[in-house]
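*Asks:* okay, predicted coordinates and the sequence, questions at the end:
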Amino acid sequence: MNEFETRITQKGQVTIPIAIRVRLGLNPKDRIRFEVDGDDVKIKPVHSRLKAGYGAVTPKNRPEDWKQIRTEMAKAIADEVMAED
């Protein structure tokens, strides 16, 4: 087991040692979770569900034609509204 020490600032902040950040794959702005069990605290990375799904859907065309997609979406919404009458 490895042990690391750091200081708590007046704002209650700590610096996570580089060895731990590397081991957990943490980068700036990543989210972490503290799990408290008695006097023991574990730090775990929080994986983004948004990032996990990134690239899951293959685009129709590359690069995407956002103007065309917006036009198709607007037409689909208009058709849906007209169908409600």
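*Replies:* Here it is on my side, so go on.
*Asks:* and the helix ranked longest in the chain, how far out from the chain's middle?
*Replies:* Determined from DSSP state H, the single longest helix within the chain is helix 66-84. Chain-centre distance of helix 66-84: 30 Å, with CA atoms, centre = their mean, to the nearest Å.
*Asks:* same deal with stretch 11-24?
*Replies:* On CA atoms, centre = their mean, the centre of stretch 11-24 falls 19 Å from that of its chain.
*Asks:* got the contact list for it?
*Replies:* With contact meaning CB atoms under 8 Å, 6 or more residues apart in numbering, stretch 11-24 is reached by 2, 4, 6, 7, 8, 26, 27, 32, 43, 44, 45. From N, CA and C alone the C-beta is placed, and that goes for glycine too.
*Asks:* just stretch 38-45 next, same as before
*Replies:* 16, 20, 24, 25, 26, 30, 31, 32, 33, 34, 35.
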